[in-house]
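Enquirer: Sequence first, then the predicted structure:
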Amino acid sequence: MSSDTTVTEMNTPQHLAIIMDGNGRWAEKHGVARAKGHEQGGQTVQRVIDLCLEKGIKWLTLYAFSTENWGRSRIEVTYLMNMLTKYLKERLPEMMEKNVRLHAIGELYMLPKSCRKQLEENMERTKNNTGVNVVLAISYGSRQEITAAARKMAEMVQRGEISPADITPELLSNNLYTAGMPDPDLLIRTSGEMRISNYLLWQISYSELWVTDVLWPDFGREELDKALASFHGRNRRFGKR
Ligand code: IPE
Ligand code: IPE
Ligand code: MG
């Protein structure tokens, strides 16, 4: 590492983003239904939130359901929506106890009403918590997010509130679902796929990447530590030398 390396405090990421992939493959490997894999994946979520609290990672953004995932079978989609609603309801006391603040990004209007209501309740109840910010990306697609931001800015121009010259990267950022949140420092994808799958395209411009073959239900301390150790040694140049 060169001496002019840009290092963050102790080099722990402030914001960790995760593509939680591999529930289906985990289920296949264990000869059980996909639903069981998703259920195990839900357990991993709690484990990872606890690890973030322990390690002082202040932001954790989890890809829970993509815009494209609406194209899965109705049975699987329904299962995932019910599981999410149940998870949010059951874990609310624990979120309060552990000082977790919940946020959500995505086309939330697409969610079943009961799920959306529960999500809103969790966000409202946890809004003053300060331990860790957990951002659930649900019904989320980055291209859709950027398109919506472009539309909002076009409307601002149309209303005469801004001129086209006022459209800057900052203004665009402020019109994304993630407005006000820091960009991810580290992006982890489980289950080995070397792709982004429409996740935070704008926000990960300078994120460090880590892909592990470990399936999401098996992800835990050991794997996170490997990713953090790698991150610690990275030289984040941000285009400078
Ligand atoms: C990730 O696991 C969970 C969601 C996308 C909702 P998958 O269901 O994509 O698992 P694989 O990729 O089939 O193993
Ligand atoms: C990405 O996983 C979405 C989530 C983890 C929620 P997918 O399994 O949907 O991605 P692809 O289909 O492998 O690109
Ligand atoms: Mg997958």
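Expert: That came in fine, so what should we check first? Ligands and ions are numbered 1, 2, ... in the order given.
Enquirer: Only C-alpha atoms, please: export stretch 99-111 in CSV.
Expert: As requested, the backbone C-alpha atoms of stretch 99-111 are provided in CSV (Å, rounded to 0.1, in the frame of the first residue of the first chain):
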residue,chain,number,x,y,z
ASN,A,99,-31.2,0.1,18.4
VAL,A,100,-31.6,-0.8,14.7
ARG,A,101,-33.2,1.8,12.4
LEU,A,102,-35.0,0.4,9.4
HIS,A,103,-35.2,2.0,6.0
ALA,A,104,-36.5,0.7,2.7
ILE,A,105,-35.7,1.6,-0.9
GLY,A,106,-37.6,0.4,-4.1
GLU,A,107,-40.9,0.6,-5.7
LEU,A,108,-42.7,0.0,-2.4
TYR,A,109,-46.1,0.7,-3.9
MET,A,110,-45.8,-2.6,-5.7
LEU,A,111,-45.8,-4.5,-2.4
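Enquirer: ok, Ala33 to Thr147 distance?
Expert: The gap separating Ala33 from Thr147 is 35 Å, by Cβ to Cβ, to the nearest Å. Placement of C-beta: from N, CA and C, glycine included.
Enquirer: Show the contacting residues for the residue lying closest to Arg189 once chain neighbours are set aside.
Expert: Excluding the flanking residues, the one nearest Arg189 by Cβ to Cβ, 6 or more residues apart in numbering is Ile19, at 4.1 Å. Residues in contact with Ile19, defined by Cβ atoms under 8 Å, 6 or more residues apart in numbering, are Tyr63, Leu187, Ile188, Arg189, Thr190, Ile196, Ser197, Tyr199.
Enquirer: Give the buried subset of those as a PyMOL selection command.
Expert: With 16 or more other Cβ atoms under 10 Å as the criterion, this PyMOL line picks the buried residues out of the contacts of Ile19:
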select buried, resi 63+187+188+189+190+199
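Enquirer: and the contacts of Ile19 near ligand 2, which?
Expert: Judged by Cβ under 6 Å from any ligand atom, the overlap between the contacts of Ile19 and the neighbourhood of ligand 2 comprises Tyr63, Ser197.
Enquirer: want to try TSV for the contacts of Ile19, with secondary structure and distance to ligand 1 as columns?
Expert: Converted to TSV, the contacts of Ile19 look like this (DSSP: H, G, I helix; E, B strand; the rest coil; distance: Cβ to the nearest ligand atom, whole Å):
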residue	secondary structure	distance to ligand 1
Tyr63	strand	7
Leu187	strand	15
Ile188	strand	13
Arg189	strand	10
Thr190	coil	8
Ile196	coil	14
Ser197	coil	9
Tyr199	coil	11
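Enquirer: and the helix ranked longest in the chain, what other elements does it pack with?
Expert: Identified as the longest helix of the chain according to DSSP state H is helix 74-97. When contacts are defined as 3 or more Cβ pairs under 8 Å, 6 or more residues apart in numbering; DSSP states H and E, helix 74-97 packs onto helix 34-55, strand 59-66, strand 100-105, helix 113-125.
Enquirer: can I get the CA coordinates of the second one in CSV?
Expert: What follows is the C-alpha trace of strand 59-66 in CSV, where atoms were taken according to Å, rounded to 0.1, in the frame of the first residue of the first chain:
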residue,chain,number,x,y,z
TRP,A,59,-25.1,1.3,7.3
LEU,A,60,-26.1,-2.1,5.9
THR,A,61,-28.1,-2.2,2.6
LEU,A,62,-29.6,-5.6,1.8
TYR,A,63,-30.9,-6.6,-1.6
ALA,A,64,-34.0,-8.6,-0.5
PHE,A,65,-36.1,-8.5,-3.7
SER,A,66,-35.4,-7.1,-7.1
